[in-house]
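Asks: just coords:
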């Protein structure tokens, strides 16, 4: 356990020296979005820091790339590739370590004006979208979720399609409506069947009545590949920049009516929320573990040399009612996935599809096998048939206006925690029509 | 019929004075992509023109927006909105009309140096992607195609899902792999079932054997809408910038294995090709007509005040074999759609999904009811069961390496043609693995 000279880096902090996640902030003094890392309860403003000390002094290898910290997104930094991310992360960790002989650290500690500009309390910064997202792909690798939800939509016998264990099923999502944690989410209108059993089907246009969250892990692409050139499984890891928490809000009544035969559309495209700090691949390396076993032999192009390709991130979901009462409704782990992100990348690019820096991959909803481990209300309420008990004798089957969903994710123990912070969103009433 | 002083604007030209489509070119003298319009066999270089004469001289209303013609995409111009597009199109038409009293036209005609810079033969320009595409959505509004293909995948009784006549079915496509006409298309690898009937299913990883094209119309968004704020049907037309031809290349064997339950993925995301010139909404106004009747009452949010909401664009598809023989295999019309683009926009944004300038909507495959009017080889070959006869006694069921597909689209008569030019792509062999 390494200590930082930055005040208030408590042992419980998800932003320990072992983490160093990257995000995009703006401050009162500098309202243009720019790069920062989180340390304890502070944002280290990388623009102010490199303006004050010079990037070459902090990360000699990045001399000539001064402008990457001045950008409004992490894309240019991500595009530099994993060795550069490792160098920068190590340099920043050195800079922030207590008793470091680092010269830049000395400058930062001794120059009160620079320190005040460069270390800004997190409560005083505004977080922005960390990446400009070109394309968003949502996978379906959470086996327990896929089985549970498939059972509801199609019955247990046809819950999983024959392809499920042969390839990571995924679909293209909507990039434009991905928002950063804290952004309000408006209840969508849509076509729904008030009486799904009636024949002929008579849809109604109405605000969604079965609004749900989905607990997912998001993965950002760093290195792009050329169109027509697949990414091989052994190289896929080097195309990953890092991870965020992802809430893929879902309108279940809209979904069940619209989704055949081409997949979910308006039921998913009104909003998806991500946490603001991107936790780099290397910070999560110590928490590798095995994912869900797949007994089906995997095609060669997705065979991995390592067995531990999942990440054991402890995930929790809170619901906070309009009255302000909070209940933790889910505790599970990001290891509950049957396909790894490298496998998803190898499959996604098998036909030559080009991925670009900033593309986002969603894992699919993450659920465990037990009650209390489910990644959506659809599962907890067994398709809307059962009340989910909340603190204060309140109940939910789906989300009410004014409800807030907060996802948290953290790995590791006291003083060495690698956490994501929060991914939160509150539901606002549907527009008047 | 209005004549142009530009030489070689023949009566057969798709780029008549009635058209004035916008595109992105580069030339030997100016290799940075920038704006142009097509007139006859020439590109009118809008950057060279506004550098030479001044944009305010040509379109007084655009004074202060000089930089829109210097951009590398049409996005900034599209974002100005429909009144600006109308002003610019009218001003350029005036400029190019024979006998015009237009002062800028006089300068252009009398200044040989400027004329040579600003009017470049089309064969000497390189065409680029016209727009930076944020999100790509592919609809399924070609009723005859949806019925024919649905019958093959699921049998005639379940060919169309109950939702088909109630909403424009669509799905999110892949934006990164959309390429401009002329770009080579590599045959994708994918998971396919060599014996689809065998149980259990045993997929093989192999190059696609059932590679197909899809004849579609593409629609570019001009004005964005805010997240949470639907576009009303009566305003939807003003969110459309213009149209291109679209070939949504499809790998049928990959598609049939992967597409349940979340829709097409790798079968579509390896490449889609668009024609380079964007034909503006107003140029197509005279060719409005009725689309395919929908006997199902349409929900209020998609009710249109006009009956003529389709566009009668004559569409043709050629296949050119590696030996160089060309056969026209399809002749149909863009009126063969059951949903209009304004309806698609109203539906897409019903739940609050935000569309951004440059977003692309595909119509879905356009097929007529007769043989010779089908928009895909899948339909022509009846699911790969029947040979499609080509010139020179050659046959196809699906595409061979070295085949070229060329889509053409044109409205109107001699001297007043409003055409799209070509949307063409040649198939190259799959990568070696």
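Replies: Happy to help now that I have it. Bear in mind that the values here come from a model prediction, so they are computed numbers and not experimental data. Residues are numbered from 1 along each chain as shown, chains lettered A, B, ... in the order given.
Asks: Apart from its neighbours in sequence, what residue is nearest the residue in the stretch 51-200 of chain A positioned nearest to chain B?
Replies: For the stretch 51-200 of chain A, the residue positioned closest to chain B under CB to the nearest CB is residue A:188, at a distance of 3.0 Å. In short, each C-beta sits where N, CA and C put it, glycine included. In space, residue A:188 comes closest to residue B:351 once its chain neighbours are excluded; the distance is 3.0 Å by CB to CB, 6 or more residues apart in numbering or on different chains.
Asks: neighbours around the one you found, how many?
Replies: Here the neighbour count serves as a burial measure; for residue B:351 (other CB atoms under 10 Å in any protein chain shown) it reads 28.
Asks: Name the SS class of it, please.
Replies: Secondary structure, DSSP: H, G, I helix; E, B strand; the rest coil: residue B:351 is coil.
Asks: thinking it is in contact with residue A:254, fair?
Replies: Yes - in this structure, residue B:351 is within contact of residue A:254 by CB atoms under 8 Å, at 6.9 Å.
Asks: anything in contact with each of these two?
Replies: When contacts are counted by CB atoms under 8 Å, 6 or more residues apart in numbering or on different chains, the set common to residue B:351 and residue A:254 consists of A:188, A:190, A:208, A:266, A:267.
Asks: Show me which pair in those is furthest apart.
Replies: Comparing every pair within the shared contacts of residue B:351 and residue A:254 by CB to CB identifies A:208 and A:266 as the most remote, at 9.5 Å.
Asks: Please identify every residue contacting each of the two.
Replies: Contact criterion CB under 8 Å, 6+ apart; residues shared by residue A:208 and residue A:266: A:188, A:190, A:251, A:254, B:351.
Asks: and residue A:353, what is it in contact with?
Replies: By CB under 8 Å, 6+ apart, the contact list for residue A:353 reads A:227, B:174, B:176, B:177, B:266, B:269, B:270.
Asks: Look up phi and psi at it.
Replies: Here is the backbone geometry of residue A:353 (degrees, to the nearest 10): phi -60, psi 130.
Asks: and residue A:430, how many neighbours?
Replies: Here the count is done by other CB under 10 Å, and residue A:430 has 19 residues near it.
Asks: Skipping adjacent residues, who's closest to it in space?
Replies: Distance criterion CB to CB, 6+ apart; nearest residue to residue A:430, sequence neighbours excluded, is residue A:207 at 3.6 Å.
Asks: Look up which residues are beta-bridged to the one you found.
Replies: With beta bridges defined as DSSP bridges, residue A:207 has these partners: residue A:189.
Asks: if we can go back for a sec, could you measure the residue of the stretch 51-200 of chain A closest to chain B against residue A:385, distance?
Replies: Distance of residue A:188 to residue A:385, computed by CB to CB, to the nearest Å: 23 Å.
Asks: now the strands for the stretch 301-433 of chain A?
Replies: For the stretch 301-433 of chain A, the strands defined by DSSP state E, counting those that start in this stretch cover A:310-311, A:314-320, A:326-333, A:360-362, A:388-389, A:395-396, A:404-411, A:418-428.
Asks: Next, format those strands as JSON lines and append mean pLDDT, mean neighbour count and distance to residue B:366.
Replies: Output for the strands of the stretch 301-433 of chain A, formatted as JSON lines (pLDDT from 0 to 100; neighbours: other CB atoms under 10 Å in any protein chain shown; distance: least, CB to CB, whole Å):
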{"stretch": "strand A:310-311", "mean pLDDT": "98", "mean neighbour count": "25", "distance to residue B:366": "45"}
{"stretch": "strand A:314-320", "mean pLDDT": "98", "mean neighbour count": "20", "distance to residue B:366": "45"}
{"stretch": "strand A:326-333", "mean pLDDT": "98", "mean neighbour count": "18", "distance to residue B:366": "46"}
{"stretch": "strand A:360-362", "mean pLDDT": "98", "mean neighbour count": "26", "distance to residue B:366": "32"}
{"stretch": "strand A:388-389", "mean pLDDT": "98", "mean neighbour count": "16", "distance to residue B:366": "47"}
{"stretch": "strand A:395-396", "mean pLDDT": "98", "mean neighbour count": "14", "distance to residue B:366": "45"}
{"stretch": "strand A:404-411", "mean pLDDT": "98", "mean neighbour count": "23", "distance to residue B:366": "42"}
{"stretch": "strand A:418-428", "mean pLDDT": "98", "mean neighbour count": "22", "distance to residue B:366": "39"}
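Asks: which secondary element of chain A has the worst mean pLDDT?
Replies: Among the secondary structure pieces of chain A, namely its helices and strands, helix A:55-58 has the lowest mean (mean pLDDT, DSSP states H and E), a mean of 86.
Asks: on that earlier part again, ok, residue A:188 and residue A:385, which is more surrounded?
Replies: Taking other CB under 10 Å, residue A:188 and residue A:385 do not tie; residue A:188 has more neighbours (26 against 8).
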